[in-house]
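Could you look at this predicted model? Sequence included:
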Amino acid sequence: MKSSKLNRKLPGGQARRSIRSRAGSAEAKSAGIKEIAETVGVSIGTVDRALHSRPGISEATRARIMKAAATLGYRPNLAARHLKLGRQRRISVHLPQEIASYFDALRQGIQQAATQLQPPLKVDFHSYPRMGHGEIESLQTVLESPCDGIILAPSAPSRIAPLIRQATLRGIPVVCVATDAPDSDRLAVVSSDPFTSGAIVAELLTRLDRGDNQVAIITGDLATVDHSEKVRGFRAMMADLGSSLTLAEVAEAHDESREAYRQTCDLLARHPNLSSIYVSTSNSVPVIQALEERGRTDKVTVIVTDLFPELVPLMRVGKVFATLYQRPLAQGRLAFEAVHRFIVEGIRPKPVQKLPPYIVLRSNLDVFIENSPEFDGLDRSLAGQKPPAAKKD
């Protein structure tokens, strides 16, 4: 057995002590393939096959090698590996279908960047129902196929981080987009700054407040970094300003329209004096529907997230006070450029790229629609539909 061969080289308990000592020094210096091979007691070729998902070894041996690589702190030279590739490169994109108004724009940004950059490459788009529903299966499938880079929007980091580490160990760089998976060995993250978004909303509502009013936040899933950071930013700014607002409740709608509608109805029943609602995801239309049906749109100040055709008329008539635009087209382009440049040129991107969100009000709505390149995916016919001017006396 190859494992006993290792023990013959290191008498007594030296083999176990060697593993522990190498693991303890992993932070100081990343192990290489040779060290992994010596630790597990296999050949360098076997380690290479395991790390790069090649056939020819048993699953048990592959598992032992992957475990040793993680324990020893192995970090592949991804740039060198990908620079040697002479074949067409494949980048795999994993994004949910819902909320379509946001993720479709993000896909468009990736596609725009892909069509402009050379050398030729192939982008494979993979979709699953919504955040946290199907993403793990989607990613597992691609890890078993040839792939040179991955772009994904991770839901709960605790669930997705092991797969990101597995991809990195196999030489596949991963760029997170829209939200982050910290401490997962991802190459980079590109997102709107969620903490700042939440803080902006808290400041706006505090400045509008004229009394001890109640506000509620309707979000997606607090296990998602983007969603929890918006709430954290909101709370932090309230405390910093000494706001008289009371955060009555934070409701998780899990990016489901029916759930957002139900949560809003329940909020209004539990908090009849609710003065404002912050919808921290793009799932805002059902929230406004619930307010309309209960005749509360003129009593509750609503600040939402992102901008899409269904939202424009609601902003024009004042049912939505403001929206925080997260610039999904720009996020998609930057995420693609980050992984592409790393694969093709070996240029490591900035680990964290956070875009400042844009505040869109009724007063600057047409400027955004008409002039901003970020709105390539928005129907420009919606621009210019301004309310009639007030009559002069």
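That came through fine. Numbering: from 1, shown residues only.

got the end-to-end distance for stretch 248-256?
22 Å (Cα to Cα, to the nearest Å).

which residues touch that stretch?
Applying Cβ atoms under 8 Å, 6 or more residues apart in numbering, the contact partners of stretch 248-256 are 96, 98-99, 130-132, 214-222, 227, 231, 259-260, 263-264, 266-267, 270-271, 274, 281, 283. Yep, even glycine has a C-beta here, placed from its N, CA and C like the rest.

Narrow these to those in helices?
Secondary structure defined by DSSP state H assigns 227, 231, 259-260, 263-264, 266-267, 270 of these to helices.

Write a ChimeraX command that selects only the buried members of those residues.
To isolate the buried ones among the ones in helices among the contacts of stretch 248-256 in ChimeraX, judged by 16 or more other Cβ atoms under 10 Å, type:
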select :227,231,259,260,263,264,267
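
Now do the contacts for Y278.
Contacts of Y278 (Cβ under 8 Å, 6+ apart): 198, 201, 205, 215-218, 234, 303-304.

same thing but 10 Å
197-198, 201-202, 204-205, 215-219, 230-231, 234, 247, 250, 284, 287, 301-305, 322, 324 (Cβ atoms under 10 Å, 6 or more residues apart in numbering).

Looking at strand pairing, list the partners for it.
Taking DSSP bridges, one obtains I217, I303 as the residues bridged to Y278.

What separation do you get for it and R316?
20 Å (Cβ to Cβ, to the nearest Å).

Q326 too?
Counting by Cβ to Cβ - Q326 and R316 are separated by 21 Å.

and those two? which has more neighbours close in?
Between Q326 and R316, counting by other Cβ atoms under 10 Å, Q326 is the more crowded of the two (28 against 16).

so how far is V123 from the more buried one?
Taking Cβ to Cβ, one finds Q326 at 22 Å from V123.

for T219, same thing?
The separation that T219 has from V123, given Cβ to Cβ, amounts to 30 Å.

In terms of neighbours, single out the busier of the two.
When T219 and V123 are compared for neighbours, T219 comes out ahead with 27 against 19, by other Cβ under 10 Å.

so who does the more buried one touch?
Going by Cβ under 10 Å, 6+ apart, T219 touches 198, 226-228, 230-231, 234, 250-255, 260, 263, 278-281, 283, 305.

cutoff 8 Å now
T219 neighbours (Cβ under 8 Å, 6+ apart): 227, 230-231, 250-253, 279-281.

TSV for those, including distance to R296?
Below are these laid out as TSV (distance: Cβ to Cβ, whole Å):
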residue	distance to R296
H227	24
K230	23
V231	23
V250	19
A251	16
E252	21
A253	18
V279	14
S280	19
T281	20
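
Mind giving me the PyMOL select for these, buried ones only?
Burial among the contacts of T219 is assessed by 16+ other Cβ under 10 Å; the matching PyMOL selection reads:
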select buried, resi 227+230+231+250+251+252+253+279+280+281
